[in-house]
Structure formats: structure tokens, C-alpha cells
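Asks: Whatever this is, show me its structure:
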Amino acid sequence: MDLFAGISVSDYATATAWYEQLLGAPPAFLPNDIEAVWELAEHRYLYIEVVPEHAGHAQHTLFVADFDATLAAIADRGLEPTTRETYENGVRHATFFDPDGNEISYGGAPLD
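Replies: Numbers count the residues shown, from 1 in each chain. Have a look, this model is predicted:
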């Protein structure tokens with residue numbers, strides 16, 4: 001099974017630059033002039049598409065193996081999460097917002 005998680009954006013150039021900064025790589029492929037696709041893991045993709053009337057409503061969480069290293073790498077690229085929290089069960093969560101207000105979060109397992 002392949003997963004394509006879509007995010008509507010209003011400006012292609014602005015969104016592409018921001019997601020390159022967040023994800024640490026250029027898109028894996030560009031299907032057309034209004035979409036950019038990043039492969040996050042085998043058969044798991046995050047893509048942006050210019051659909052201004054829907055921009056700002058996405059909510060995606062990426063659960064990563066090394067939460068601290070992932071957030072440190074993102075910080076090295078110049079982005080900081082808007083919020084960071086630890087739930088009662090120890091799961092860690094950090095939220096970023098793209099220029100349109102779409103929510104992209106990272107989750108991590110509890111610390112040992």
C-alpha cells in the first residue's frame with residue numbers, strides 16, 4: 001500500500017521552499033506545475049498542491065524513530081516548532097505551521 005498525504009497551499013514557490021526546509025530535501029518528484037512530492041519512507045509520500053481555496057486546513061503527524069535528532073536537524077535548517085509538549089503517557093509532540101497555516105507535527109516515543 002502506498003500513502004499520499006496531500007496539503008493544499010496557496011503559493012507553490014513559498015510552500016516548496018518551506019517544505020524543503022522542514023523535510024531537509026528537495027521534492028522526490030514534480031508531477032506537474034502545481035504539485036511537489038516528497039518521499040518520507042518507502043511508499044509513503046507527502047505532497048503539496050496549489051489549491052488556494054483549501055489552503056491552511058491540513059493536519060498531519062509524522063511519528064519518527066528519533067524525535068530529538070529530527071527536531072535538531074529541522075532547527076539546524078532554521079525552523080522551530082510553534083509548540084512542544086509531552087503527553088501524560090510520555091509521547092512527545094512538536095507542531096509546525098507552514099506559511100498557509102497547515103499543521104505539520106512530529107511525534108516521538110516516550111523517553112526510557
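
Asks: roughly how far is the helix or strand where residue 49 lies from the heart of the chain?
Replies: Here residue 49, judged by DSSP states H and E, is contained in strand 44-50. In terms of Cα atoms, centre = their mean, to the nearest Å, the centre of strand 44-50 is set 10 Å apart from its chain centre.

Asks: Pull out the buried positions in it.
Replies: By neighbour count with 16 or more other Cβ atoms under 10 Å, strand 44-50 contains the buried residues 45, 46, 47, 48, 49, 50. Where you see a C-beta, it was placed from the backbone N, CA and C, and this is true even at glycine.

Asks: and it, what other elements does it pack with?
Replies: Secondary-structure packing of strand 44-50 (3 or more Cβ pairs under 8 Å, 6 or more residues apart in numbering; DSSP states H and E): strand 3-9, helix 12-23, strand 35-41.
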